[in-house]
Each structure stands twice: as C-alpha cells, then as structure tokens.
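Student: Structure here, sequence nowhere to be found:
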C-alpha cells in the first residue's frame with residue numbers, strides 16, 4: 001500500500017467519524033470545509049490526525065455549523081475537482097519516508113553516507129512534520145545499529161528542540177526496550193547512556209518516564225532505567241526522584257507532551273524494582289540535593305511500609321543508604337527520631353546496621 005493510499009484511508013475514516021455526529025454536519029468533500037474565499041494552503045497533518053480544528057489561522061477557516069441553526073446545503077464540489085489534503089501536506093516527506101524503509105534490513109548493506117543523511121533529515125524536521133513522518137516509519141523494526149546512530153546524531157545536534165529530541169527518543173527506543181526479554185544490546189544501551197549524559201531531559205521524557213509508568217518494569221527494563229540514571233546530572237536525578245515519590249503527579253502536572261496521566265500505571269505500593277531505582281537515584285555520585293519536604297516524602301512512606309510489613313527488606317536497605325550517605329541531611333532536618341521509630345517497627349536484621357549508623361550520627365552531634 002502506498003503512502004497516498006494510507007493517507008486516503010485516514011481521510012475516509014475522519015469523514016466517517018464526523019458523519020456519525022448528530023450535532024454537526026460535514027460536507028461531502030473535505031474542500032468545502034475551508035473558506036472558499038481563502039487562499040489554497042497546506043493543511044497541518046496533526047489537525048487531520050487528531051480532528052483538531054484550528055480557528056486562529058487567518059487563511060484556513062473550518063466551517064462546521066449545527067444542523068439546528070442552519071439547513072443551508074453545503075456547496076457540491078465534484079470529487080475529481082478535489083485535491084487530497086494529506087497528499088498536499090506530505091509530498092516533501094515521501095522521499096524521506098521511503099528512504100527509511102531500508103533501515104529494516106541488515107545495516108551492513110546500508111551505505112553509511114546515505115544512512116546519516118536520511119537520519120539527519122529526520123532530526124531537522126519541524127515538530128509537526130516530524131510527528132507526521134514518524135507515523136509512517138517503522139522505527140521499532142530498525143536494526144539496533146541504526147537506532148544507535150540516530151541517538152548519536154541527537155546527542156551531537158546543537159539546535160534540536162527538546163520536544164523533538166524527546167519524541168525521537170521515545171519513537172526509536174521505547175518500543176524496542178519494552179519488547180526485550182533479556183539484556184539490552186550493548187550498542188543500544190551505550191548510545192542511550194551517551195544521550196542521557198549530554199541531553200538527559202529528553203531521555204527522561206522519552207524513555208525513563210514511559211518505562212516507569214507504562215511498562216511492566218521487567219528485568220531488562222529496570223536494567224535500562226538504572227544504567228541510564230547513572231548518567232544523569234544531579235538536578236535531573238532529583239526531578240526523577242520527585243516523580244517517583246509523587247507517583248508521577250509532580251511530572252504529569254507539568255509534562256503532557258508524550259504521555260497522558262489518564263492512561264498510565266502507578267508505582268505504589270513500591271516493589272523491589274522501584275526500591276532498586278530509588279537506590280540508584282540516591283547512591284549515584286554526585287548525590288542529589290535534599291530539602292526537608294523531599295526527605296520526609298521519602299522517609300514517611302518507608303514508615304508506612306514497615307508498619308504494615310515489619311519484614312520488608314527494601315525499606316531497611318533504603319534507610320541504610322540514607323543514614324550512610326546523607327548523614328548531614330538527616331541532622332539538618334532533624335529526622336533521627338523518625339528513622340529510629342521505623343527501626344523499632346522492623347523485624348529485619350538490617351535494622352541493626354541502620355541503628356549503628358544513627359549512633360555514629362549522634363556521636364558527631366556531641367562534638
């Protein structure tokens with residue numbers, strides 16, 4: 001099926017969807033939707049995909065009137081006189097989309113220069129065109145070497161908008177990572193880490209948060225998350241820590257570009273993978289900066305967990321990490337008593353190590 005056929009099917013689906021709406025009428029042809037006095041302009045493919053009507057465009061003016069208000073017939077324009085708006089929008093993208101089809105084959109057969117030119121053209125697209133193009137590109141079936149090359153180009157790109165970098169990261173890596181049943185390929189993991197080291201925010205938005213709140217957090221997925229966290233800057237790990245502690249609320253209140261808070265998983269009650277992720281965030285150097293609110297947002301859930309399950313191991317391991325690496329923070333925000341109370345509720349042997357750390361902290365206070 002050609003791109004034009006796919007586009008035509010999408011338009012037919014849109015027409016059928018609108019035709020079922022009893023409140024509004026839609027012309028027999030898409031051309032009559034636009035102001036007949038306006039100039040012929042290309043139509044934003046995102047409008048076509050999501051049925052969003054932009055009324056602030058001075059040239060393209062959708063006309064959809066309620067039947068109860070007007071029974072005037074819409075202009076009858078023959079199908080032969082119409083131009084397919086999707087075909088008008090995408091002609092410049094068709095060669096690029098078709099050039100990407102070779103990436104599903106063995107990467108050794110692809111000329112390096114051809115590959116890099118195609119990937120660079122994709123990276124340089126404006127956001128609307130990028131989303132339109134990637135909807136026709138089977139990026140999950142790309143060879144890992146090609147995906148790694150794309151991530152390297154994103155890493156090197158100086159002027160790529162953050163939203164584009166995140167969108168490309170998501171499209172190229174997320175479907176691959178969630179399908180893994182064993183360890184992530186080294187070449188793919190290495191390129192993800194390099195990108196995280198240079199442009200950590202796009203990896204958080206495009207891969208880590210989707211994995212946390214949309215995947216099953218299996219062993220391969222947690223491996224990717226933990227290895228990537230180690231490459232993030234402290235401020236980025238702090239943002240990720242707040243995201244986990246708030247069960248995503250702090251993140252989704254500000255970021256809805258890729259994911260919707262209406263269709264996601266939740267991390268609570270915390271499982272072993274979540275404890276491991278928290279441990280990685282907290283133990284990676286340089287350490288994340290705590291304030292009082294954040295410290296208690298971490299410690300108080302641990303208290304609740306231990307009170308309901310005195311044998312919980314993950315909570316005590318996290319407390320041991322806190323008392324050994326964040327002693328000054330514990331002193332500053334006067335949380336020694338709270339941690340001691342948690343230890344009293346625990347029946348795990350680890351509590352002795354935590355109490356020993358607290359004793360050392362108290363000894364420092366006496367000097």
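Tutor: Looks like it came in fine. All values reported here derive from a predicted model rather than from experimental measurement.
Student: Residue 124 - how many residues pack around it?
Tutor: Using other C-beta atoms under 10 Å, residue 124 has 14 neighbouring residues. C-beta coordinates here come from the backbone N, C-alpha and C atoms, glycine included.
Student: what's it sitting at in phi/psi?
Tutor: Dihedral pair for residue 124: phi -80, psi 0, per degrees, to the nearest 10.
Student: Report the central residue of this structure.
Tutor: Centroid-nearest residue in the chain: residue 206, 3.3 Å away (criterion: C-alpha atoms, centre = their mean).
Student: For that one, what are phi and psi?
Tutor: Main-chain torsions, residue 206, degrees, to the nearest 10: phi -90, psi -20.
Student: Would you agree it is in contact with residue 173?
Tutor: Yes. Contact criterion C-beta atoms under 8 Å: residue 206 and residue 173 qualify, at 7.1 Å.
Student: intersection of neighbour lists for the two?
Tutor: Residues touching both residue 206 and residue 173 (C-beta atoms under 8 Å, 6 or more residues apart in numbering): there are none.
Student: so what's the nearest residue to the residue nearest to the centre of the chain once chain neighbours are set aside up against?
Tutor: Leaving aside its chain neighbours, residue 206 sits nearest to residue 169 (3.1 Å; criterion: C-beta to C-beta, 6 or more residues apart in numbering). Taking C-beta under 8 Å, 6+ apart as the criterion, residue 169 is in contact with 151, 154, 195, 202-203, 205-207.
Student: Save those as TSV, and put in secondary structure too.
Tutor: As requested, these are exported to TSV (DSSP: H, G, I helix; E, B strand; the rest coil):
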residue	secondary structure
151	helix
154	helix
195	helix
202	helix
203	helix
205	helix
206	helix
207	helix
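Student: Could you work out the most separated pair of those residues?
Tutor: Taking C-beta to C-beta as the measure, the contacts of residue 169 span a maximum distance of 14.3 Å, between 151 and 205.
Student: Residue 255 falls within a helix, correct?
Tutor: No. The assignment for residue 255, made by three-state DSSP, is coil rather than a helix.
Student: can you list the weak-confidence ranges in the stretch 201-350 of the chain?
Tutor: Applying pLDDT under 70 to the stretch 201-350 of the chain picks out residues 257, 261.
Student: which stretches of the stretch 1-150 of the chain have low pLDDT?
Tutor: Residues of the stretch 1-150 of the chain meeting the criterion pLDDT under 70: 1-91, 107-108.
Student: rewinding a little: and residue 151 and residue 205? which has more neighbours close in?
Tutor: Regarding residue 151 and residue 205, a neighbour count based on other C-beta under 10 Å identifies residue 151 as having more, with 28 against 22.
Student: For that one, give its distance to residue 172.
Tutor: Distance, residue 151 to residue 172, by C-beta to C-beta, to the nearest Å: 7 Å.
Student: Just give the closest residue to residue 307, not the sequence neighbours.
Tutor: Setting aside the residues directly before and after it, residue 307 is nearest to residue 345 in space (C-beta to C-beta, 6+ apart), at 5.2 Å.
Student: residue contacts, that neighbour?
Tutor: Neighbour list for residue 345: 303, 306-307, 310 [criterion: C-beta under 8 Å, 6+ apart].
Student: For these, which entry has the maximal number of neighbours?
Tutor: residue 306 leads the contacts of residue 345 on contacts (other C-beta under 10 Å) with 24 neighbours.
Student: And the helices in the stretch 51-200 of the chain, which stretches?
Tutor: 85-89, 94-99, 112-123, 127-134, 144-156, 162-178, 186-198, 200-203 (DSSP state H, counting those that start in this stretch).
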